[in-house]
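Undergrad: sequence? don't have it. structure:
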């Protein structure tokens, strides 16, 4: 029994995007100042509170970056974005 064929392809694609986003974020954030500060704060304060605060803060920051990137992409070309990024 066949059914709709589109759903099977969407799940692996969603997993691929999730894995790429996780890997990119993990590697970009590992060892930066905010990571070091979070480690120090976790050592000095309640780890659960630090963890929740870090998750919420990082989620808000990443969410704003995604929304801002989407809005920016609708206004400038990909080529222009690459040129600006390369110039920085």
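TA: Okay, I see it. Please read all numbers here as calculations on a predicted model, not as lab measurements.
Undergrad: Show me how far the helix or strand that contains residue 79 is from its chain's centre.
TA: For residue 79, the host element (DSSP states H and E) is helix 78-87. Helix 78-87 sits 20 Å away from the centroid of its parent chain (Cα atoms, centre = their mean, to the nearest Å).
Undergrad: What are the contacting residues of it?
TA: Here helix 78-87 makes contact (Cβ atoms under 8 Å, 6 or more residues apart in numbering) with 72, 73, 76. For glycine as for every other residue, the C-beta is placed from the backbone atoms N, C-alpha and C.
Undergrad: swap in stretch 37-45?
TA: Stretch 37-45 is contacted by residues 50, 51, 54 when judged by Cβ under 8 Å, 6+ apart.
Undergrad: And those residues, which of them are buried?
TA: Among the contacts of stretch 37-45, those classed as buried by neighbour count (16 or more other Cβ atoms under 10 Å) are 50, 54.
Undergrad: average model confidence for the helix or strand where residue 18 lies?
TA: Per DSSP H and E: residue 18 is located in helix 6-29. What helix 6-29 shows for mean pLDDT is 82.
Undergrad: Next, residue 45: phi, psi?
TA: phi -120, psi -170 (degrees, to the nearest 10).
Undergrad: That one and residue 63, how far apart?
TA: To residue 63, residue 45 is 25 Å away according to Cβ to Cβ, to the nearest Å.
Undergrad: Distance check, residue 43 against residue 82.
TA: According to Cβ to Cβ, residue 43 stands 40 Å off from residue 82.
Undergrad: try residue 38
TA: Computed as Cβ to Cβ, the residue 38 to residue 82 distance reads 31 Å.
Undergrad: Equivalent analysis for residue 62, please.
TA: Residue 62 sits 21 Å away from residue 82, taking Cβ to Cβ as the criterion.
Undergrad: okay, those two: which has more neighbours?
TA: Taking other Cβ atoms under 10 Å, residue 62 and residue 82 do not tie; residue 62 has more neighbours (13 against 10).
Undergrad: Look at the nearest residue to that one once chain neighbours are set aside and say how many residues are nearby.
TA: Among residues not flanking residue 62 along the chain, residue 25 sits closest, at 7.0 Å (Cβ to Cβ, 6 or more residues apart in numbering). Applying other Cβ under 10 Å, we find 12 residues neighbouring residue 25.
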